[in-house]
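Trainee: Just need the structure, nothing else, for what follows:
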Amino acid sequence: MADDRTKWTPQANQRKLLNYVQGKQYDCHILDACAECEIGRRTYYDWFDNPDFVQWWQAEHERFFTLGLNEVHAAIRDGAVGGKRGGNTAAQKLYLERFDAGYMPKSKQEIDGRVTIEGLIAELDDETGEGNATD
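Mentor: Predicted coordinates for the structure are as follows:
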């Protein structure tokens, strides 16, 4: 039996609020944004009772900040080559960890394979060229 539900789509006033908030780059108080868009505070909070609205709002939030990764990458590169943009490296790292799905700091990388004392000794012997004394 087919699902009779239609796909949820945001209302015009919901899109208007999202566009306003994103236009301010999320640097605004939601009550000020609601007032600017002529949306009641209670209406805004009632929208969050709808799981479809919540999913849409969060997806748009993620999309907005993911699209900003290019700016972060440019600032990191600029700082690495002695440019003037530089910026706050801790903030850049946090942004990458949060929004760049492919970013993996060294501290979080997993080591594949089994490490043994014998294997480590053999690697050290190979590096120093000494070889194992029992050979």
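
Trainee: Now do the domain split for the protein, please.
Mentor: According to automatic domain parsing, the chain comprises the domains 12-67, 68-135.

Trainee: Of these, flag the one that's most buried.
Mentor: With neighbours taken as mean count of other Cβ atoms under 10 Å, the domains of the chain reach their highest mean count in domain 12-67, at a mean of 14. C-beta here means a position set from N, CA and C on the backbone, and glycine is covered the same way.

Trainee: Quote the end-to-end distance of that domain.
Mentor: Counting by Cα to Cα, to the nearest Å, you get 23 Å between the two ends of domain 12-67.

Trainee: among the domains of the chain, which gets the worst mean confidence?
Mentor: Comparing mean pLDDT across those, the weakest is domain 68-135, with a mean of 70.

Trainee: Leaving out chain neighbours, which residue sits closest to Phe65?
Mentor: Computed as Cβ to Cβ, 6 or more residues apart in numbering, the closest residue to Phe65 that is not its neighbour in sequence is Phe99, at 4.9 Å.
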